[in-house]
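[1] predicted structure and sequence below. I'll ask about it afterward.
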Amino acid sequence: GENVEQHPSTLSVQEGDSAVIKCTYSDSASNYFPWYKQELGKRPQLIIDIRSNVGEKKDQRIAVTLNKTAKHFSLHITETQPEDSAVYFCAASIQGNQFYFGTGTSLTVIP
Amino acid sequence: EADIYQTPRYLVIGTGKKITLECSQTMGHDKMYWYQQDPGMELHLIHYSYGVNSTEKGDLSSESTVSRIRTEHFPLTLESARPSHTSQYLCASNRGNSPLHFGNGTRLTVT
């Protein structure tokens, strides 16, 4: 099956700085890559997603890039704020089936 | 409001007991999933279903079973609970190539 690796496992940044989280996947058939944010004690929530026919997608302070050749995708958060502190998960899926998740990145934004 | 509902939210039970975790969604989704997650850690796919009377095992062998008799309902049963089953169980659903939508989870403790 698919194998998704995520780095780093923990990340601390100063408020206002940028944060980058990277993921790689193994199955070249994967074509849908969502990112989820999970706050303490809450359910994972979708923050942005990208499909294999697109190289980059942006939504305000959040952007995702995808390199299909290298099989990696990244989450970029600019101008970080304390409320961005959470655990972030990347995932890979084939046509919206069997989502495989990375191991998570615990992001701390220091005020 | 369309959502995915899990009950109970918290459950403490003794070793050897049979338990069923309930999951229902009112989002009109055809695909449903169960994930196991220790707090803040990786999500492991336990079972999934692409429609009524269709169920498959995921990569994590959790000694559990599921059923999908109705589109909106996807219960998870542990025939004999063990302390190693202590974890959070997240139910999710989606349709087509859309992202997963998660329930609030059931936190299970087996004593």
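    Received, thanks.

[2] nearest spatial neighbour of B:F102, skipping sequence neighbours?
    Of all residues not flanking B:F102 in the chain, A:R43 sits nearest, at 4.2 Å (CB to CB, 6 or more residues apart in numbering or on different chains). For every residue, glycine as well, the C-beta is placed using N, CA and C.

[3] helix, strand or coil for that neighbour?
    When classified by DSSP: H, G, I helix; E, B strand; the rest coil, A:R43 comes out as coil.

[4] cross-check the contact I'm expecting between it and B:T106.
    No. With contacts counted by CB atoms under 8 Å, A:R43 stays clear of B:T106, the gap being 11.3 Å.

[5] separation between the spatially most central residue of chain B and chain A?
    Centroid-nearest residue in chain B, with CA atoms, centre = their mean: B:W34, separated by 3.5 Å. As defined by CB to the nearest CB, to the nearest Å, B:W34 lies at a distance of 12 Å from chain A.

[6] so what's B:L45 bridging to?
    Under the criterion DSSP bridges, B:L45 forms beta bridges with B:Y35.

[7] pLDDT weak spots in chain A?
    Chain A contains no residues with pLDDT under 70.

[8] in it, what residue lies closest to chain B?
    Scanning chain A for proximity to chain B using CB to the nearest CB identifies A:G96 as nearest, at 3.8 Å.

[9] which residues touch that residue?
    By CB atoms under 8 Å, 6 or more residues apart in numbering or on different chains, A:G96 lies in contact with A:Y32, B:K31, B:N94, B:R95, B:G96, B:N97, B:S98, B:P99.

[10] the residue nearest to the fifth one when sequence neighbours are not counted and A:K68: what is the separation?
    It refers to B:G96. Setting aside the residues directly before and after it, B:G96 is nearest to A:G96 in space (CB to CB, 6+ apart), at 5.6 Å. Applying CB to CB, to the nearest Å, the value for A:G96 to A:K68 is 18 Å.

[11] thinking again about what came up before, the residue nearest to B:F102: neighbour count?
    Applying other CB atoms under 10 Å in any protein chain shown, we find 19 residues neighbouring A:R43.

[12] so B:C91 sits against B:F74, correct?
    Yes. Proximity of B:C91 to B:F74 meets the contact threshold set by CB under 8 Å, at 6.5 Å.

[13] okay, strands next: where are they in chain A?
    A:4-7, A:10-14, A:19-25, A:32-38, A:45-51, A:56-59, A:62-67, A:72-77, A:86-94, A:97-101, A:105-110 (DSSP state E).

[14] any residues of chain A in contact with chain B? List them.
    Within reach of chain B by CB under 8 Å from any CB of the partner chain, chain A has these residues: A:1, A:32, A:34, A:38, A:40, A:42-46, A:49, A:51, A:87, A:89, A:91, A:93, A:95-104, A:106.

[15] so how do I select the buried members of those residues in ChimeraX?
    Filtering those down to the buried ones (16 or more other CB atoms under 10 Å in any protein chain shown) takes a single ChimeraX command:
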select /A:32,34,38,43,44,49,87,89,91,93,96,98,99,100,101,102,103,104,106
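
[16] low-confidence ranges in chain B?
    If you take pLDDT under 70 as the line, chain B has these spans: B:61-62.

[17] so which bits of it are right by chain A?
    Taking CB under 8 Å from any CB as the contact definition, chain B meets chain A at B:31, B:33, B:35, B:40-43, B:45, B:48, B:50, B:58-59, B:90, B:92, B:94-105.
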